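1. sequence first, then the predicted structure, then my questions.
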Amino acid sequence: FTTIINVKNNPIYKKMYSLYKVKALSKQLVKSKLFPGVTIGMEYRYRQEIPGSDKGEDFISLRASTPIPIFYNTKEKRLIKASTFKIKELKAMVNKIAKDLQSDYKGERKNYSKLLQVFKNYNTLILPSYNAVYQSQMASLATGTVRLIDVLDSYQTFLKATLERAAIFRDLMISRQKLLYLLNRQTVKGEMK
């Protein structure tokens with residue numbers, strides 16, 4: 001596993017960061033409401049000829065209007081202040097999640113390395129030695145130099161070590177899945193580093 005984690009790929013971080021970005025954009029929307037918009041209109045009218053009156057003239061009218069925010073300004077400023085506070089709060093949460101993910105990854109990586117080393121030791125040293133003791137006692141049983149209870153005891157020790165190795169393998173796979181989750185990667189068949 002890599003020594004550096006990219007927290008931006010983690011689903012928890014992505015969710016919190018998207019909430020932070022949405023709140024920042026909503027603040028910009030509230031700010032834009034402080035400045036009134038201007039509506040511009042244009043109209044062209046022509047007069048129809050009415051019998052018995054003068055012909056009249058066609059005319060063009062231009063119109064511009066803007067609302068004057070007298071009472072809404074205070075409301076918008078309060079909303080901006082509340083949005084600013086919420087943005088700071090969400091930014092702090094995003095930073096905390098990033099730090100937590102990095103520390104969780106470092107701790108889990110150490111745990112995985114230790115479990116992997118113990119598992120390798122069980123496969124290369126412990127189980128072969130217990131099996132060798134059992135096999136030698138089985139061979140000695142026929143000659144009568146070893147009692148049956150000693151053979152059964154060595155076999156029981158070998159079986160306990162096998163069960164311990166299975167428990168270590170389970171813990172190793174759990175640790176591996178936690179690391180893959182923190183890295184936001186899918187399990188690759190046959191991959192164990």
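-> Yep, that arrived.
2. what average pLDDT does the longest helix along the chain get?
-> With secondary structure taken from DSSP state H, the chain has its longest helix at helix 72-121. Taken as a whole, helix 72-121 has a mean pLDDT of 88.
3. cool, and stretch 163-180?
-> 95.
4. for it, which residues meet the burial criterion?
-> Counting neighbours by 16 or more other CB atoms under 10 Å, one finds that the buried residues in stretch 163-180 are 165, 168, 171-172, 175-176, 178-179. C-beta coordinates here come from the backbone N, C-alpha and C atoms, glycine included.
5. can you tell me what sits against stretch 124-137?
-> 146, 150-151, 154-155, 157-158, 161-162, 165 (CB atoms under 8 Å, 6 or more residues apart in numbering).
6. can you redo those residues as a markdown table with distance to residue 29 and secondary structure?
-> Shown next, in a markdown table, are the contacts of stretch 124-137 (distance: CB to CB, whole Å; DSSP: H, G, I helix; E, B strand; the rest coil):
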| residue | distance to residue 29 | secondary structure |
| --- | --- | --- |
| 146 | 85 | coil |
| 150 | 82 | helix |
| 151 | 80 | helix |
| 154 | 76 | helix |
| 155 | 74 | helix |
| 157 | 71 | helix |
| 158 | 70 | helix |
| 161 | 65 | helix |
| 162 | 64 | helix |
| 165 | 60 | helix |
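7. from the buried residues of stretch 163-180, which ones fall inside helices?
-> Using DSSP H, the subset of those located in helices is 165, 168, 171-172, 175-176, 178-179.
8. any idea how far stretch 28-42 is from the chain center?
-> 38 Å (CA atoms, centre = their mean, to the nearest Å).
9. what is the end-to-end distance of that stretch?
-> 31 Å (CA to CA, to the nearest Å).
10. buried ones in it, by neighbour count?
-> Residues of stretch 28-42 classed as buried: residue 30 (neighbour count, 16+ other CB under 10 Å).
11. that one - what's its average pLDDT?
-> The model assigns stretch 28-42 a mean pLDDT of 74.
12. hang on, the earlier thing: any of the contacts of stretch 124-137 buried? List them.
-> 146, 151, 154-155, 158, 161, 165.
13. so which of those comes closest to residue 110?
-> If you rank the buried ones among the contacts of stretch 124-137 by distance to residue 110 using CB to CB, residue 165 comes first, at 20.7 Å.
14. skipping adjacent residues, who's closest to the closest one in space?
-> Spatially, and ignoring its direct neighbours in sequence, residue 165 is nearest to residue 122 (4.2 Å; CB to CB, 6 or more residues apart in numbering).
15. kindly report the same for residue 104.
-> residue 182 (6.2 Å).
16. with that, I have no additional questions.
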